[in-house]
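Build me a model from this:
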Amino acid sequence: MTTIRARVFVVALAAILLVPAMAFATNGYFAHGIGLKSKGMGGVGVALPQDALAGGYNPAGMAFVGNRFDIGVDWFRPDRGSEIHDSMGPVNAKYDANGETDFYMPELGANIMVTEAVALGISIYGHGGMNTSYKTPIPLFDQTMTTNAGVDMSQLFIVPTVAWKFNENHSFGLGVNVVWQQFEAMGLANFDNEMMSAAPGKVTDNGTDSATGVGATLGWYGRLGCSVFGGVAYQSRTYMGKFEKYSGLFAEQGGFDVPPKLTAGVTTIPSERSVVSVEVGYIWFSSVKSIANSGSEQALLGSDGGPGFGWEDTPVVKIGGAYDVAEAVTLRAGYNYGKQPIPQDETLFNMLAPGVVEHHATLGGTWRLNENMELTLSYVHAFENTVKGKDSIPDTNPPGGGEADITMSQNSFGLGFGMTF
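Below you'll find the predicted structure:
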C-alpha cells in the first residue's frame, strides 16, 4: 500500500510541474487562498490548517494536519476588458481582453509526521499571475495594428516545509518557497525603440520566458483558549531571476520579484459542528520596482527606475465559516476583500493587467467517502469592479490625452481529493 501511495504521489507531482499555473489571481495578482478548503472559506488558512496545502499559507499548521495527501485543480474564468475615451483619433473604443478565458490552477500537498512533534511536508500550488489576451491590437500600444495586445504571467510555488510542535498546543514552521514563473508580452511595438526602452528588441513578442527564485515563509500556530486558535505567517520577498527576453520592458533589466506579505488570523469553534475564522493580511507590492514604479516615469523601460504598473500596497480581510451538516458532509462559505492596487492615473499601462476586483464571495464543501478519503468542492465569485482613469493618458500628440478605464470580474470552480494515512 505504501508503494502504491508513493507512486501516486510521484505521478501527481510530475503532472503538477508540467501544467503551468496560468491564472489571473484575485488579491492583486495573488491567489485569494491556498487549497480548495481555504478557497471555499474566503481564503482563510493562517489560523485554520485543514489539509496538506496548509504549508503554503502557514507552515506551522502542518504539525496539526497529520499524515495526508491532497491534490486538486481550480478552473478559473476571468472576464476582463478596458475602454479608452475622450482621446484623439480612432483610439476611442472598448477593448475585449478575453481572447483566452479558461485557466487551470493545480495544487498538490503531502505531509508526514516523522515524530509526534515534527512534520515534514510539501505544498505545490499556483499562487498568482496576470493574463490579458486582447482580441484586437490597441493603437496606443501598437500603432501598426499588426499584433493583438496582451500579457501572460504565471507563478508556481513549490514549498517544502518543516513544522515543530514544541508543546501540545503550539508550533513553529518554516517553508522554503521555490518559485518558477513565466512571462510573455505581445502587441507593445510602440515601446520597442531607443526612445522608450533601454534594451530595444527585448520589449515585446519574444515568446515565453521563465525565471526561478527562492524565498521563505515563517509561521506560528497555536491554541489561545479553550476553543480559540491563532496564527501568524510572514512570507519574505522572493528574489527571482531576470526575464532576459523582456529586459527592455520590466524595471531593473527584467526583474520581477515576488513581493512579501504578512498574515494574521484567529479561529474559533462555537460548537462541535462549526468553525469560524477571520484574518487580515498586507501585501507590499510597493517593494518591487517593476510592479510599483509609476507608468509615467521618465526613465527608459527596463532601466533601474523604469516605468512599471504603479501598484500600491494591498490590505486584505477574510472571513470564513464551516458547518458539519452531516457526519460525512461539511459545507463552507466565506467573504474576501482585497483593496485593488491600481491608482486612477495608472490605468493605461494596466490595461495589460487589470487586477481590480475587490469583493469575493465563496462557497465550498467536503464529502468524506470513508474514514480516509474525501472529495472537496469550491466556488469563488469576484464581483465586477471598474477603475475609471483620471489623468491616465498623457496629453501629448500622440497619444492625445483622454482616459483608460479597466474592468474585471471572475469565477472559479475547484475539485480536489484528499487522503489520510
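
quick one: the nearest residue to V317 once chain neighbours are set aside from E168, how far?
Nearest non-adjacent residue to V317, counting by CB to CB, 6 or more residues apart in numbering: Y337, 4.8 Å away. Glycine gets a C-beta too; all of them are placed from N, C-alpha and C. According to CB to CB, to the nearest Å, Y337 and E168 sit 35 Å apart.

Who has more neighbours out of the two?
Y337 (15 against 10; other CB atoms under 10 Å).

from memory that one sits against H360, does it?
Yes: using CB atoms under 8 Å, Y337 is in contact with H360, at 7.4 Å.

tell me the pLDDT at the residue lying closest to V91 once chain neighbours are set aside?
For V91, ignoring the flanking residues on the chain, the nearest one in space by CB to CB, 6+ apart is P139 at 4.6 Å. pLDDT, P139: 93.

likewise the one 4 residues further on?
According to the predicted model, the pLDDT of Q143 comes to 91.

shift numbering so it begins at 22
Okay, using 22 as the starting number, the last item reads as Q164.

Confirm it sits in a strand?
No: applying DSSP: H, G, I helix; E, B strand; the rest coil, one finds Q164 to be coil, outside a strand.

Next, count neighbours for it.
Per other CB under 10 Å, the neighbour tally for Q164 reads 15.

Skipping adjacent residues, who's closest to D123 in space?
D123's closest residue in space is R98 (CB to CB, 6+ apart), at 6.3 Å.

do A354 as well
Leaving aside its sequence neighbours, A354 sits nearest to L384 (CB to CB, 6+ apart; 5.5 Å).

what's the one you found in contact with, if anything?
Applying CB atoms under 8 Å, 6 or more residues apart in numbering, we find L384 in contact with G61, L352, R353, A354, S399, Y400.

hmm, try it at 7 Å
G61, R353, A354, Y400 (CB atoms under 7 Å, 6 or more residues apart in numbering).

The helix or strand hosting it pairs with which strands?
Per DSSP states H and E, L384 falls inside strand 380-389. Strand 380-389 sits in its sheet next to strand 350-359 (antiparallel), strand 394-408 (antiparallel), going by DSSP bridges.

circling back to that earlier point, Provide a list of residues in contact with the residue nearest to V338.
So Y358 contacts V338, E379, H380 (CB under 7 Å, 6+ apart).

Please report how far G54 lies from P127.
Separation of G54 from P127 (CB to CB): 15 Å.

quick one: which of those two has more around it?
Taking other CB under 10 Å, G54 and P127 do not tie; G54 has more neighbours (32 against 20).

how far does the helix or strand hosting M126 sit from the chain's center?
Here M126 is covered by strand 124-134, with elements defined by DSSP H and E. Relative to the mean C-alpha coordinate of its chain, strand 124-134 is positioned 15 Å out (CA atoms, centre = their mean, to the nearest Å).

rewinding a little: out of the contacts of L384, which comes closest to P280?
Checking the contacts of L384 against P280 by CB to CB gives G61 as the nearest, at 25.5 Å.

Tell me which residues of stretch 284-295 come out buried.
For stretch 284-295, a neighbour-count test (16 or more other CB atoms under 10 Å) marks T284, A285, G286, V287, T288, T289 as buried.

Then stretch 177-184?
For stretch 177-184, by 16+ other CB under 10 Å, it's L177, F178, I179, V180, P181, T182, V183, A184.

Then stretch 233-240?
In stretch 233-240, counting by 16+ other CB under 10 Å, buried: G234, G236, T238, L239, G240.

same thing with stretch 137-146?
For stretch 137-146, using 16+ other CB under 10 Å, the buried residues are A140, L141, G142, I143, S144, I145, Y146.

what residues are up against the fourth one?
With CB under 7 Å, 6+ apart as the criterion, the residues that contact I143 are G130, A131, V180, P181, T182.

Helix, strand, or coil at V338?
strand.

gap between the nearest residue to Q203 once chain neighbours are set aside and M261?
Spatially, and ignoring its direct neighbours in sequence, Q203 is nearest to S231 (4.3 Å; CB to CB, 6+ apart). Counting by CB to CB, the gap from S231 to M261 is 10 Å.

Between the two, point out the one with more neighbours.
M261 (21 against 15).

hang on, isn't the more buried one packed against E273?
No: assessed by CB atoms under 7 Å, M261 is found out of contact with E273, at 10.6 Å.

Hmm, R353 is touching G61, no?
Yes: look at R353 against G61 with CB under 7 Å: they come within range, at 4.1 Å.

anything in contact with each of those two?
Counting by CB under 7 Å, 6+ apart, the contacts common to R353 and G61 are L384, G385, G386.

tell me which of those is nearest to P280?
Ranked by distance to P280 (CB to CB), those are led by G385 at 27.2 Å.

Can you give me the first-to-last residue distance of stretch 384-398?
For stretch 384-398, the first-to-last residue distance is 8 Å (CA to CA, to the nearest Å).

same question but for stretch 158-172, I mixed them up
Using CA to CA, the two ends of stretch 158-172 sit 13 Å apart.

same question, stretch 359-372
Stretch 359-372 end-to-end distance (CA to CA) = 19 Å.

what does it rub up against?
47-49, 53, 103, 159, 306, 315-316, 328, 330-333, 335-337, 376-379, 406, 408-414, 425-427.

Only the buried residues of that stretch, if you could.
G359, Q361, P362, I363, P364, D366, E367, T368, L369, F370, N371, M372.

Let's have the contacts of I143 in a markdown table, adding pLDDT.
Putting those into a markdown table (pLDDT from 0 to 100) gives the following:
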| residue | pLDDT |
| --- | --- |
| G130 | 98 |
| A131 | 98 |
| V180 | 98 |
| P181 | 98 |
| T182 | 98 |
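
and those residues as JSON lines, adding distance to E265?
Below are the contacts of I143 laid out as JSON lines (distance: CB to CB, whole Å):
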{"residue": "G130", "distance to E265": "32"}
{"residue": "A131", "distance to E265": "34"}
{"residue": "V180", "distance to E265": "26"}
{"residue": "P181", "distance to E265": "27"}
{"residue": "T182", "distance to E265": "31"}
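
for the residues you listed, which one is nearest F438?
Nearest to F438 among these, with distances taken as CB to CB, is G130, at 11.3 Å.

That concludes my questions; thank you for your assistance.
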